[in-house]
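[1] sequence first, then the predicted structure, then my questions.
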Amino acid sequence: MNERTLSLLGDPTLSPRYAPILEILESTFRIPHVSRHGTDSEGDEIVFNFWKDGSNPRGIYRRTTLASYRTASPHWVTVLDVDALGRSEGASWVWKGLTSLPKRRDAVCEEIGRDLPTRGLVKLSDGGADAVVLREFDFVTGRLLDNDDRFAFHVHLEAKTRASYKSRDVLLIGTEVGENAMTDSGYPRTVREWTRGTKLEDAPVVFEGEKTDISVFMYIDDQRFRGGGIYEFQYRSMTFYTKQYFARKIHENHLLPINNERRMATEKEPDFIKLDVPEDAQIGMYGDYIMLTLRTDWTINEKTYKTGSFLMVPYDELFQKSLSKDSGFTCNFQVLFEPNETTFYEGYSATANYIILSVIESVKSRLLFFQYDEISKKIVQIGGDATAAIRTTGFSALDPESSDLFWFTTSTYDEPTTLYLADASMWAATKNKDNELFPAPYVIEKLKGLPNMYDSTNVSVRQQFATSKDGTKVPYFLICPKGAKMDGNTPTLLYGYGGFEISMTPNYIANIGKSWIERGGAYVVANIRGGGEFGPAWHQAALKENRNKAFEDFVAVGEDLCQSGLCRPSTLACRGGSNGGLLTGMMLVSRPDLFGAIHCAVPLLDMRRFHTLLAGASWAAEYGSGEEDWEKFLHKYSPYHLIDENAKYPPIIFTTSTRDDRVHPAHARKMVKKLMDLGKGAWPIYYYENIEGGHGGAADAKQQAFMQVLSYDFLWDTLCEGRDEKVD
């Protein structure tokens, strides 16, 4: 099928779009985002970055000083070369991340006074799948520990492993070892406490869940630097959105190996207590406070806290309430944020003295700042952006133990991504006298910025609303040439996702800008139900039997675009991947008259059997049960089963990856086979399966450029055939 598709559509590497897209993906002008790991022996702050470019397609892990990073041309030192490692080991390694050993729990750091990590866990995937091998890295020698080093924390069997250092010589790990070690969804069911120098299979199981759970895990949250304690957590993920948390406060000696003399001489750690919180709440720690984000209304002590609220409560109070089982026991919950009809919580980060919240107002971003008040003994808001803006923000503390500086990133559809150094304490030191959004008082330095990677000088970005079938107003962003003619001839690409509470917020669209907007096309992002743009309720409105709401919202946006005169069905395309592949698959079978072309990527299409394939069982809370709910409602949105041999379908391309171990490529393969058989070759169906890349569909920049150009050129060329006049 790959050869057939390329013979009909052409080789993407020969397209005029290929070189510009590859240049964007491999550009040395991209922002090298970093994380601070400490200071070296000379007192220089050290930051690390993972980087890919044309010379390093699989990437290098590298370091520099913060002072050098703040210059235009930092001096980088390569720490680990993934391409070289793959060549030496004969593997197609794809970097999946590194978790360093926390310095506070590293005895070597304490002994020698080192302020940099000494060890780290590297995750590598052969070909880009979710399943990884685990390799331990020695920061002191600058190399991976030998494969046969029995004192190294290595896991050579590919699995969806989860691991976290408890201390230098103890690892909490869930992986495929022993009987029934994994859940039906393919994630860890058990957690072992693995002591360095022992065999993994001999490590005791210290926590386990049910086979039907999604996954389980354990971790340490060390809050001593904020005046809190050392907290050990266990959790069971029963569904994609529900967890049971178990917690206890432990002594630092409890972090040591089980047979360590200091640990054995210390009073035994307390039992874990199941926290009395809603199972769909998300939790975190700040000093001796537990932070709670609610996904449903919660009534406790005759008070109801709204869905989407961000709460804080002293750990000891919640622990005692959970221990006592007394419904009358009162905890002092503090509400930091409560949503309204248009404003919702998005995320948080914490510096040494401040908590920063990101909220979304009508799919626009805004930051709020909070600080502990010694007088009231509460955490109070001290400032925040005056208004929200059409942008995406990213923020994380530079050094949460000793600094209020934070990395701050902004991005919009038509303005390149920019990285700033910001200071949360500036809200207390100064105010923006004009109350302007930007530059905000907390921004102290522009560090890096992308150049203009596509010509956006004549581009308009607007937020508009469509009315869905049930009357719900659905926002969408329209990015198109200023003064676009409303004659139906503008090639328009509609993108959507609509699932798992994932928000589609504005971000710089260099590749789409270069391959679509510069050519005179319009790009549209639909904020349909199922996403998180308006909080948990917006997501929950399209769960299970109500999945049709997401599809109806998407259709409403498409119809609104056509009614506006910007495009018409023959010049309107749609694309989506993963859950968005289910969305576009449904557009094919339910509204083939609305679209002139479709791209369906790494899709979910067989809703009768999805739960039997790879991670599919973990999505029952989103879609329902393939067995129990098929007759009730799932049959209504299973594209594979809704193909009509008498229908007239628009041209469609399906793309997937052989190494996708999250959404099985069988979904796309079966769909294409059935379309080809029933259509008897009359329907314009195209298919391309990349052999690498995992669920992302591509393992490096060249593969990304190939796949993107293949789909964008197909969509553009097809829509141009539906125009009144031809364009390049």
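    The structure has been received and is ready for your questions.

[2] and the helices in the stretch 1-150 of the chain?
    Listed in chain order, the helices of the stretch 1-150 of the chain (DSSP state H, counting those that start in this stretch) span 2-9, 18-26, 66-69, 82-89, 107-112.

[3] deepest-packed of these, please.
    Neighbour counts (mean count of other C-beta atoms under 10 Å) averaged over each of the helices of the stretch 1-150 of the chain peak at helix 18-26, with a mean of 19. Backbone N, C-alpha and C define where each C-beta goes, glycine included.

[4] and it, C-alpha only, in CSV?
    The C-alpha trace of helix 18-26 is given here as CSV (Å, rounded to 0.1, in the frame of the first residue of the first chain):
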residue,chain,number,x,y,z
TYR,A,18,9.8,19.0,1.9
ALA,A,19,13.0,21.0,2.2
PRO,A,20,11.4,24.0,3.9
ILE,A,21,9.6,21.8,6.4
LEU,A,22,12.7,19.8,7.1
GLU,A,23,14.6,23.0,7.6
ILE,A,24,12.1,24.1,10.2
LEU,A,25,12.2,20.8,12.0
GLU,A,26,16.0,20.7,12.0
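
[5] tell me what it is packed against?
    helix 510-515, helix 701-720 (3 or more C-beta pairs under 8 Å, 6 or more residues apart in numbering; DSSP states H and E).

[6] okay, the last one in PDB with CA atoms only?
    Below are the C-alpha coordinates for helix 701-720, written out as PDB (Å, rounded to 0.1, in the frame of the first residue of the first chain):
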ATOM      1  CA  ALA A 701      12.800  15.000  11.600                       C
ATOM      2  CA  LYS A 702      13.200  13.400   8.200                       C
ATOM      3  CA  GLN A 703      10.400  11.000   8.900                       C
ATOM      4  CA  GLN A 704       8.300  13.900  10.300                       C
ATOM      5  CA  ALA A 705       8.800  16.000   7.200                       C
ATOM      6  CA  PHE A 706       8.000  13.100   4.900                       C
ATOM      7  CA  MET A 707       4.700  12.300   6.700                       C
ATOM      8  CA  GLN A 708       3.700  15.900   7.000                       C
ATOM      9  CA  VAL A 709       4.300  16.800   3.400                       C
ATOM     10  CA  LEU A 710       2.600  13.600   2.300                       C
ATOM     11  CA  SER A 711      -0.600  14.600   4.000                       C
ATOM     12  CA  TYR A 712      -0.600  18.400   3.500                       C
ATOM     13  CA  ASP A 713       0.200  18.100  -0.200                       C
ATOM     14  CA  PHE A 714      -2.600  15.500  -0.600                       C
ATOM     15  CA  LEU A 715      -5.100  17.700   1.100                       C
ATOM     16  CA  TRP A 716      -4.100  20.800  -0.700                       C
ATOM     17  CA  ASP A 717      -4.000  19.300  -4.100                       C
ATOM     18  CA  THR A 718      -7.400  17.600  -3.600                       C
ATOM     19  CA  LEU A 719      -9.000  20.800  -2.400                       C
ATOM     20  CA  CYS A 720      -7.600  22.800  -5.200                       C
END
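
[7] compute the inter-axis angle for that helix and helix 18-26.
    Taking axes from the mean of the first three to the mean of the last three C-alpha atoms, to 10 degrees, one finds helix 701-720 and helix 18-26 inclined to each other by 130 degrees.

[8] give me the mean pLDDT for helix 701-720.
    Throughout helix 701-720, pLDDT has a mean value of 96.

[9] buried residues in that helix, which are they?
    701-716, 718-720 (16 or more other C-beta atoms under 10 Å).

[10] out of the helices and strands packed on helix 18-26, which comes closest to residue 602?
    Closest approach to residue 602 among these (C-beta to C-beta): helix 701-720, 10.3 Å.

[11] who does residue 121 form a beta bridge with?
    residue 99, residue 136 (DSSP bridges).

[12] what sits closest to residue 607 if chain neighbours are left out?
    In this structure, residue 607 finds its nearest non-sequential neighbour in residue 638, 3.6 Å apart by C-beta to C-beta, 6 or more residues apart in numbering.

[13] what pLDDT does the one you found get?
    97.

[14] any stretches of the protein with poor pLDDT?
    325-328, 428-439, 725-728 (pLDDT under 70).

[15] which residue is nearest the middle of it?
    residue 502 (8.3 Å; C-alpha atoms, centre = their mean).

[16] so what's that residue up against?
    531-532 (C-beta atoms under 8 Å, 6 or more residues apart in numbering).

[17] what do you get for the one 10 residues further on?
    By C-beta under 8 Å, 6+ apart, the contact list for residue 512 reads 493, 523, 712.

[18] what is the nearest of these to residue 309?
    Nearest to residue 309 out of the contacts of residue 512 is residue 523 (C-beta to C-beta; 34.5 Å).

[19] partner residues bridging the closest one?
    Beta-bridge pairing of residue 523 under DSSP bridges involves residue 479, residue 493.

[20] count of residues packed around it?
    Residue 523 has 21 neighbouring residues, counting by other C-beta atoms under 10 Å.

[21] in this structure it contacts residue 516, no?
    Yes - between residue 523 and residue 516 a contact is recorded at 5.8 Å, counting by C-beta atoms under 8 Å.

[22] separation between the residue nearest to residue 417 when sequence neighbours are not counted and residue 500?
    Distances taken as C-beta to C-beta, 6+ apart put residue 411 closest to residue 417, at 4.3 Å, once the chain neighbours are dropped. As judged by C-beta to C-beta, to the nearest Å, residue 411 and residue 500 stand 21 Å apart.

[23] swap in residue 691?
    Where residue 500 is concerned, residue 691 sits at a distance of 27 Å (C-beta to C-beta).

[24] neighbour-wise, which of these two wins?
    Taking neighbours as other C-beta under 10 Å, residue 691 and residue 500 compare with residue 500 leading, 16 against 13.

[25] you'd agree the more buried one is in a strand?
    No - counting by DSSP: H, G, I helix; E, B strand; the rest coil, residue 500 falls outside a strand, being coil.

[26] then stretch 476-489 to PDB, C-alphas only?
    Extracted in PDB, the C-alpha atoms of stretch 476-489 (Å, rounded to 0.1, in the frame of the first residue of the first chain):
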ATOM      1  CA  TYR A 476     -12.800  27.900  17.100                       C
ATOM      2  CA  PHE A 477      -9.700  29.800  15.900                       C
ATOM      3  CA  LEU A 478      -9.500  30.900  12.300                       C
ATOM      4  CA  ILE A 479      -6.000  31.600  10.900                       C
ATOM      5  CA  CYS A 480      -6.200  32.900   7.400                       C
ATOM      6  CA  PRO A 481      -4.900  35.600   5.000                       C
ATOM      7  CA  LYS A 482      -6.200  39.100   5.800                       C
ATOM      8  CA  GLY A 483      -9.000  40.100   3.400                       C
ATOM      9  CA  ALA A 484      -9.600  36.500   2.200                       C
ATOM     10  CA  LYS A 485     -12.300  36.500  -0.400                       C
ATOM     11  CA  MET A 486     -15.600  35.000   0.700                       C
ATOM     12  CA  ASP A 487     -16.200  33.200  -2.500                       C
ATOM     13  CA  GLY A 488     -15.800  29.600  -1.300                       C
ATOM     14  CA  ASN A 489     -12.400  29.200  -2.900                       C
END
